[in-house]
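> The following comprises the amino acid sequence and a computationally predicted model.
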Amino acid sequence: MSNVRYISNLTRDTYAIILAGGRGSRLYELTDWRAKPALYFGGKFRIIDFPLSNCINSGIRRVGVVTQYKSHSLIRHITRGWGHFKKELGESVEILPASQQTSGNWYQGTADAVFQNIDIIRHEIPKYVMILSGDHVYRMDYAGLLAAHAESGADMTVCCLETPISEAAGAFGVMEVDENMRVIGFQEKPEHPKPTPNDPEKCLASMGNYVFNTKFLFDQLKKDADNVASDRDFGKDIIPSIIEQFNVFAFPFTSAVPDQPAYWRDVGTLDSFFQANMELLSPTPQLNLYDAKWPIWTYQEQLPPAKFVFDDDDRRGMAVDSIVSGGCIISGAKVKRSVLFDEVRVCSYSSVKDSVLLPDVVVLKNCNIQNAIIDRGCIIPEGTFIGHSREHDIARGFRVSEKGITLVTRKMLGLPEGY
């Protein structure tokens, strides 16, 4: 059997579940009206587009998206952008909201979210179930993960990456493995992660992506559901309970694109969200959104091209080292090192620098904005300065992050709230 046919059989026999119900509380007001996977990223995408695109590009075309927290904008996006798959052709992207199928409770944890959808998974008759986190930005060919799982004889495979201990502490599950990459220890978000043998500054962190043999998964979920002391979580409960008795292996994360370093970002804080967007402005960013070999798919409205108007010395519409999306108008204003999402308007004599402006933002005349995240639909009044003084921004009711990034939302400006 050819390698291509072998891989295609693996992907065809796999059902993927993307866990997309997370709130993302460390993003504060950015997730007041949307789940973290629905958060905008990179000028035109949403975070959920990355695991969905990874599935489709990897050949996995049966996908369920588990939703719970403030899911309206997420469901709307998936319905518009990912609703064209044909069930009769063996492909689908289905939304799996918390519907109390096995109890009167909403999803109690990551394991419970899968357990409550066992009947849906069983109906698909997959040989493997892939469980993916829906709130990380990365590109990955899941076919390699599936092949490693099948060839190792594993009951479960955990995708992992080497992470600085300072970043992993209290944030990620951390694994200990033997020379064959079999998992022999697991800590869920430890304050003092155990380092790898080769580098005392790094540890092996779980990405929250797993592959299970289907029957084994069902057995463990049922056992966990009967355990009244369980938190119903893969990291806290399932993995620690099986590593001694069963074959659990770690799979090192590698790039989906040959000869490129692996890129993975948890954009779970204001600073990490801001920094990940800023990284895209590099001439050769690690995450190359322009690479046609591994496209990121999304829903996008039919918008006119971006426009730059006026060419006077003191009133020139321009953008440098920036991403400017469709429908934007830069009218006699200057934009530098910034990411502008759809239909942003920046009016005359204003300046936007080192900032992220989400869709439908309007910056009126004579404004000066830097080091800021401006949420969707904000209208910045004339003459407003943002990001120049931490004390001034806080006094106006804006939120300022640890690294000095100012977040502005509609509510902070006295405007009606919304998506």
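Perfect, I can see it now. Since the structure is predicted, the reported quantities are computational estimates derived from the model, not experimental observations.

> Lys334 is in contact with Arg316, isn't it?
Yes: using C-beta atoms under 8 Å, Lys334 is in contact with Arg316, at 7.0 Å. (Glycine included, C-beta is placed from N, CA and C.)

> which of the two has more neighbours?
Lys334 (19 against 15; other C-beta atoms under 10 Å).

> Report pLDDT for that one.
We have a pLDDT of 98 for Lys334.

> excluding its backbone neighbours, what's nearest it?
Of all residues not flanking Lys334 in the chain, Ser351 sits nearest, at 4.9 Å (C-beta to C-beta, 6 or more residues apart in numbering).

> again with Arg23
The nearest residue in space to Arg23 (C-beta to C-beta, 6+ apart) is Tyr69, at 4.5 Å.

> so who does that neighbour touch?
Tyr69 sits next to 21-23, 35 when contact means C-beta atoms under 8 Å, 6 or more residues apart in numbering.

> do that again at 10 Å, thanks
By C-beta atoms under 10 Å, 6 or more residues apart in numbering, the residues touching Tyr69 are 20-25, 31, 34-38, 98, 106-107.

> Quick check: buried residues in the helix or strand encompassing Lys223?
Here Lys223, judged by DSSP states H and E, is contained in helix 214-225. For helix 214-225, the buried set under the neighbour-count rule, 16 or more other C-beta atoms under 10 Å, comprises 214, 216-218, 220-221, 224-225.

> same deal with stretch 122-134?
124, 126, 128-134.

> next one: stretch 400-408
400-401, 405-408.

> Of the residues you listed, which is the nearest to Gly268?
Ser401 (12.4 Å; C-beta to C-beta).

> Isn't the closest one up against Phe273?
Yes: between Ser401 and Phe273 there is a contact under C-beta atoms under 10 Å: 9.4 Å.

> list the residues that contact both of those two?
373, 407.

> and the buried residues of stretch 400-408 as JSON lines, adding pLDDT, secondary structure and distance to Lys86?
Below are the buried residues of stretch 400-408 laid out as JSON lines (pLDDT from 0 to 100; DSSP: H, G, I helix; E, B strand; the rest coil; distance: C-beta to C-beta, whole Å):
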{"residue": "Val400", "pLDDT": "98", "secondary structure": "strand", "distance to Lys86": "48"}
{"residue": "Ser401", "pLDDT": "98", "secondary structure": "coil", "distance to Lys86": "44"}
{"residue": "Ile405", "pLDDT": "98", "secondary structure": "coil", "distance to Lys86": "43"}
{"residue": "Thr406", "pLDDT": "98", "secondary structure": "strand", "distance to Lys86": "46"}
{"residue": "Leu407", "pLDDT": "98", "secondary structure": "strand", "distance to Lys86": "41"}
{"residue": "Val408", "pLDDT": "98", "secondary structure": "strand", "distance to Lys86": "43"}
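
> Looking at those, which is nearest Val346?
Distances from Val346 to the buried residues of stretch 400-408, taken by C-beta to C-beta, are shortest for Val408, at 14.5 Å.

> got the contact list for that closest one?
Contacts of Val408 by C-beta under 10 Å, 6+ apart are 29, 355, 357, 361, 369, 372-375, 378, 380, 384, 386-387, 393, 396-399.

> How about it: which residues does it bridge to?
According to DSSP bridges, the residues that bridge with Val408 are Ile374.

> Let me see the contact set for Gly185.
Contacts for Gly185 (C-beta under 10 Å, 6+ apart) come out as 174-178, 194, 204, 240, 243-244.

> Of those residues, keep whichever come out buried.
174-177, 204, 240, 243.

> Kindly indicate which of those residues lies nearest Asp291.
Leu204 (27.6 Å).

> So which elements touch the worst-scoring helix or strand of the chain on mean pLDDT?
Counting by mean pLDDT, DSSP states H and E, the chain has its least confident helix or strand at helix 3-12, which shows a mean of 87. Packing partners of helix 3-12 (3 or more C-beta pairs under 10 Å, 6 or more residues apart in numbering; DSSP states H and E): helix 49-58, strand 128-133, helix 142-152.

> to the chain's geometric centre, what's the distance from the helix or strand just after that helix?
Counting by DSSP H and E, the next helix or strand C-terminal to helix 3-12 is strand 14-19. Its chain's C-alpha centre and that of strand 14-19 lie 15 Å apart, by C-alpha atoms, centre = their mean, to the nearest Å.

> other SSEs contacting strand 14-19?
So strand 14-19, by 3+ C-beta pairs under 10 Å, 6+ apart, packs with helix 49-58, strand 62-67, strand 92-97, helix 110-115, helix 118-124, strand 128-133, helix 142-152, strand 202-213.

> Quick one: closest of the ones you listed to Arg345.
Of the helices and strands packed on strand 14-19, nearest to Arg345 by C-beta to C-beta is helix 49-58, at 24.7 Å.

> In stretch 75-95, which residues are buried?
Using 16+ other C-beta under 10 Å as the test for burial, stretch 75-95 gives 75, 77-78, 81-82, 92-95.

> What lies in contact with it?
12, 15-18, 20, 34-35, 37-38, 40, 45-46, 48-49, 52-53, 55-56, 60-67, 71, 74, 97, 117, 120, 124, 297-301, 419.
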